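Asks: coords please:
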Amino acid sequence: MSKPVVLFGGPSPEHDISILTGLQAARALISDGLDVDAIYWSKTQQWFQVDSSSEASDFAQGVPAKNKPLRFVVEPGGGFMLKKKALDVSVVLNCCHGGPGEDGTLQAAFDLVGLKYTGPNAAGSALGMDKLAFGAVVTAAGLPSLPRVLVGAGDRLPDPGPYILKPRFGGSSIGIEVVDDYTTAEALLASSPHMRDGGVLEPFLAGSRDLNIAVRTFPQLEVSAIEAPYREGDAIYDYSQKYLVGDGGMDAAKRELPADIPEELAERIRSIARQVAVLVGVRTVSRIDFLLYGDDLYVNEINTIPGSLSGYLWVDPFIPRNVLLRDALDEISQQSARRYNVTGADGTALHSAGTIASKLG
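Replies: Next up, the predicted model:
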């Protein structure tokens, strides 16, 4: 019988946080009476069906003891294979943060198999992960965004440092550094494992404030309460502040929720967030991060598979986590899996091409 799968892990620096998000989601759906399978994607890119009621500690040393090895087969009738039989999957609730689980790689593989999945499609996922392209799209749409340049490409920012150096393709907090000048940025680009696929540079706004909001697209486009995460002084809102306080995970991070900001500013954030959601092609739940610097508001990043799936942000309007997840599954269940179109590929060009040798001259 077809049933949803909660997928988590993956070969990404955010592997551990993805496990926490996935286990939270599985537990919420089970407590709501839903029968779900859990699939763990290991750091070595292997797949395992695991107990959906597992604890985080079960994964501390790698693959849990109780598991069933799976294969992922990209062909018609494929997908997640237990021995020689494909799992009957209704929807994949994708909880993979960062890396190939969030950048469109996994989404494209699901499209080839015909699996339905939460989050944006492959193109939207790739755009959301590419900080340079995302900033360019936001700017082209007339929305406020800080200038960004690709380190090593010859472009420079008009203002002197300090700057923030970010991996071009990566999560919102891993591998980010504040640098004084362009030379330091180039040196870090060569030495950081997080910058192997490029780095982007933008102005560092000392004294700025982070303001984040979640967006969901079902049963209608809707935005959450706005949070103001807690920062240590002028430091950036980094991985340890976001994920390693209290019991870990986004739910435990220090924050002001709802943020104590003027209603006019809150409405600007809500309006821009809706526009960004449409630009990226958001599906189910995403989080959009802003920077406030004095009176200036900037779109910072989008997290298309946010930590804890941003369940903690839905306090106004109040949406329980189980309802948020159920709605995400219902949204995708009502959509069709990706289908490819070969209209026009009828062999005419092949018949009229002559010999291949004649094409080489």
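
Asks: Helix, strand, or coil at residue 132?
Replies: What DSSP: H, G, I helix; E, B strand; the rest coil gives for residue 132 is helix.

Asks: can you check residue 358 too?
Replies: Residue 358 is classified as helix under three-state DSSP.

Asks: distance of it from residue 349?
Replies: In this structure, residue 358 and residue 349 are 14 Å apart, going by CB to CB, to the nearest Å. The C-beta positions use only the backbone N, C-alpha and C, and glycine is treated the same way.

Asks: List the contacts of the residue lying closest to residue 260 once chain neighbours are set aside.
Replies: Spatial nearest neighbour of residue 260, excluding adjacent residues (CB to CB, 6 or more residues apart in numbering): residue 228 at 7.4 Å. If you count contacts by CB atoms under 8 Å, 6 or more residues apart in numbering, residue 228 has them with 209-212, 255-257, 259-261.

Asks: Walk me through which strands the host helix or strand of residue 228 pairs with, and which way each runs.
Replies: Taking DSSP states H and E as the definition, residue 228 sits inside strand 222-229. Looking at strand 222-229 with DSSP bridges, its partner strands are strand 209-216 (antiparallel), strand 255-256 (antiparallel).

Asks: Please, where are all the helices along this protein?
Replies: Using DSSP state H, the helices of the chain run over 15-31, 105-113, 122-129, 131-140, 182-191, 239-243, 263-280, 321-333, 348-351.

Asks: Give me the distance between the shortest one and the centre of its chain.
Replies: A distance of 42 Å separates the centroid of the chain from that of helix 348-351, by CA atoms, centre = their mean, to the nearest Å.

Asks: The third one too?
Replies: Here helix 122-129 is found 8 Å from its chain centre; the criterion is CA atoms, centre = their mean.

Asks: Report all helices and strands that that helix contacts.
Replies: If you count contacts as 3 or more CB pairs under 8 Å, 6 or more residues apart in numbering; DSSP states H and E, helix 122-129 packs onto helix 105-113, helix 131-140, helix 263-280.

Asks: My read is that residue 128 contacts residue 138, right?
Replies: No. Using CB atoms under 8 Å, residue 128 is not in contact with residue 138; the gap is 11.2 Å.

Asks: More neighbours: the two, which one.
Replies: The neighbour count for residue 128 versus residue 138, taken as other CB atoms under 10 Å, is higher for residue 128 (28 against 23).

Asks: Excluding chain neighbours, what is closest to that one?
Replies: Counting by CB to CB, 6+ apart, the residue nearest residue 128 is residue 304, at 4.0 Å.

Asks: Do I have it right that that neighbour meets residue 288?
Replies: No. Residue 304 lies out of contact with residue 288 (CB under 8 Å); the separation is 9.8 Å.

Asks: what's the most buried one of the strands paired with strand 222-229?
Replies: When the strands paired with strand 222-229 are scored by mean count of other CB atoms under 10 Å, the highest mean neighbour count falls to strand 209-216 (a mean of 23).

Asks: can you list the residues that contact it?
Replies: 221-229, 231, 237, 259, 261, 269-270, 273-274, 276-277, 282, 284-293, 297, 300, 306, 310, 313-314, 319, 324, 327-328.

Asks: Let's see that with 7 Å instead.
Replies: 222-224, 226-229, 231, 237, 259, 269-270, 273, 277, 282, 284-292, 306, 310, 313-314, 324 (CB atoms under 7 Å, 6 or more residues apart in numbering).

Asks: Go ahead and build a PyMOL selection from the buried members of the residues you listed.
Replies: Those of those that count as buried under 16 or more other CB atoms under 10 Å are selected in PyMOL with:
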select buried, resi 222+223+224+226+227+228+229+237+259+269+273+277+282+284+285+286+287+288+289+290+291+292+306+310+313+314+324
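
Asks: follow-up on the earlier one: with distance to residue 75 as added columns, please give the contacts of residue 228 in TSV.
Replies: Listed next are the contacts of residue 228 as TSV, based on distance: CB to CB, whole Å:
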residue	distance to residue 75
209	50
210	44
211	45
212	40
255	45
256	50
257	46
259	48
260	54
261	51
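
Asks: Closest one to residue 152 out of the residues you listed, please.
Replies: residue 210 (27.6 Å; CB to CB).

Asks: picking up where we left off before, same list (the strands paired with strand 222-229) but as TSV, adding mean pLDDT.
Replies: As requested, the strands paired with strand 222-229 are exported to TSV (pLDDT from 0 to 100):
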stretch	mean pLDDT
strand 209-216	98
strand 255-256	93
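
Asks: Export those strands as CSV, with columns for distance to residue 72.
Replies: As requested, the strands paired with strand 222-229 are exported to CSV (distance: least, CB to CB, whole Å):
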stretch, distance to residue 72
strand 209-216, 28
strand 255-256, 37
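
Asks: show me where pLDDT drops low in this structure?
Replies: 172, 233-252, 361 (pLDDT under 70).

Asks: Outline the domain layout of it.
Replies: Split into domains by automatic domain parsing, the chain comes to 3-117, 119-146+205-319, 147-204.

Asks: what's the closest of the ones you listed to residue 345?
Replies: Nearest of these (CB to CB): domain 3-117, 17.2 Å.
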